[in-house]
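J.: Fold the following for me, if possible:
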Amino acid sequence: MLITIAEYETLLGEDLSALDEDYVEGILDCVSEDLEIWLGRSYSAAAQVIDTVQATLAHYGGLPVLQIATPRAPVQSVDALTVYLVPGSASTVDVSDAIIDAAGIVRVTFGVFNTYRNLFRQKQYQGTLTYTVGGAAVPVAIKRAVALLAQEMLHLDANSAYDAGLSGDTETFRIGDYSETKATRDLDASQGLGLGSANAVLAARLAGRYKAQGVVLV
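T.: Down below sits the predicted model:
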């Protein structure tokens, strides 16, 4: 969960004391997880993950390197790498001198001439990267994005008990893999136009600048 109930109340100026605490925390946790998947970035405790990656041949500091844009960030350490230099045959790569930059790009150097020569047969290789990711401080913009998306779910559930005034039409809002569909209401039976797409668009704008540089997870 990327924000607390108290932070939600402060960010959006809403009092949630009338709602069940476990229920609210469950929504905050669900939205936090979905937003992290969309971002390709983990703000929870650091954990080891394994991803299928594309390693691109490049040069760094005058040496040939395999360069990988990690699917998730922030990267704490690189633990293992296998690369399919030959289709169907995995080669283990020494990652003891792996370099990780601020954008989560991993560069692994090669010191064996024969391996270096073989690499130039093509420019990109599929591989499996084992690395430790997560543990970054949560920016206020991310907390606000979670709050906005959670607000959608809270208001959707709160309004679902009222049948009067439903028009029969529906509206879907989404951010990445997160989406909800709700019924729209006739204006004369509604307290407003609803929050749906407006909240999702604003949340995407707030969170978008923090998306990982690598492949977006699906």
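J.: so what's Asp97 up against?
T.: Contact analysis of Asp97 by C-beta atoms under 8 Å, 6 or more residues apart in numbering lists 108-109. Quick note: C-beta positions are derived from backbone N, CA and C, even for glycine.
J.: State the helix or strand in which it lies.
T.: According to DSSP states H and E, Asp97 maps onto no helix or strand at all.
J.: if I look at it, how far off is Val65?
T.: Distance check for Asp97 against Val65: by C-beta to C-beta, to the nearest Å, it reads 10 Å.
J.: Overlap in contacts, those two.
T.: 108-109.
J.: Identify the residues contacting Val138.
T.: 2-3, 43.
J.: Equivalent analysis for Asp15, please.
T.: Glu9.
J.: Just the buried ones from the contacts of Val138, in PyMOL syntax?
T.: A single PyMOL command is used to select the members of the contacts of Val138 judged buried by 16 or more other C-beta atoms under 10 Å:
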select buried, resi 2+3+43
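J.: Output the below-cut-off pLDDT ranges for the protein.
T.: Where the chain drops to pLDDT under 70, the residues are 111-122, 156-197, 213-218.
J.: Helices of that one, start to end?
T.: With helices called from DSSP state H, the chain shows them at 5-12, 21-39, 113-119, 140-159, 196-208.
J.: Pick the most buried one from the ones you listed.
T.: helix 140-159 (a mean of 20; mean count of other C-beta atoms under 10 Å).
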